[in-house]
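Peer 1: got a predicted structure here, sequence first:
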Amino acid sequence: VQLQASGGGLVQAGGSLRLSCVASGSIWLINAMGWYRQAPGKQRELVARITLGGSTTYADSVKGRFAISRDNAKNTVYLQMNNLRPEDTAVYYCNIDYRESFSVSAVDAWGLGTQVTVSS
């Protein structure tokens, strides 16, 4: 399974970016899709997550500014990031919890990450 993320870049504080991540390969069902981020010198942290049923979870630091969504037909997850702050600067990774078939357990897959840089 491959995860291809796009949409990162350099933006001024207060600006917006939209990240996309497409999953491809041997996928029968994607249970949950999410975005994590890792800033230099810090641990990777959850930014937002969305289940198959559409339930969402957000880090407190992004609530009200970021919105996660998914297109199940396209195996794609999005992260709309508004009112960006310099502290949002990090490498953003997409993650899926998926099953290759009905008879196997779910496993995780990670994308390579996309850089988001917010200037003050």
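Peer 2: Looks like it came in fine. Residues are numbered from 1 along each chain as shown.
Peer 1: what is the neighbour count of the closest residue in space to residue 4 that isn't next to it in sequence?
Peer 2: The shortest distance from residue 4 to any non-neighbouring residue, by Cβ to Cβ, 6 or more residues apart in numbering, is to residue 22 (5.1 Å). (Glycine included, C-beta is placed from N, CA and C.) Using other Cβ atoms under 10 Å, residue 22 has 16 other residues around it.
Peer 1: specify the beta-bridge partners of residue 22.
Peer 2: residue 4, residue 76 (DSSP bridges).
Peer 1: need the pLDDT of it.
Peer 2: Residue 22 carries a pLDDT value of 98.
Peer 1: then residue 30?
Peer 2: Reported pLDDT for residue 30: 96.
Peer 1: the closest residue in space to it that isn't next to it in sequence - how many residues pack around it?
Peer 2: Spatially, and ignoring its direct neighbours in sequence, residue 30 is nearest to residue 98 (4.5 Å; Cβ to Cβ, 6+ apart). When neighbours are counted by other Cβ under 10 Å, residue 98 registers 22.
Peer 1: alright, I will stop here.
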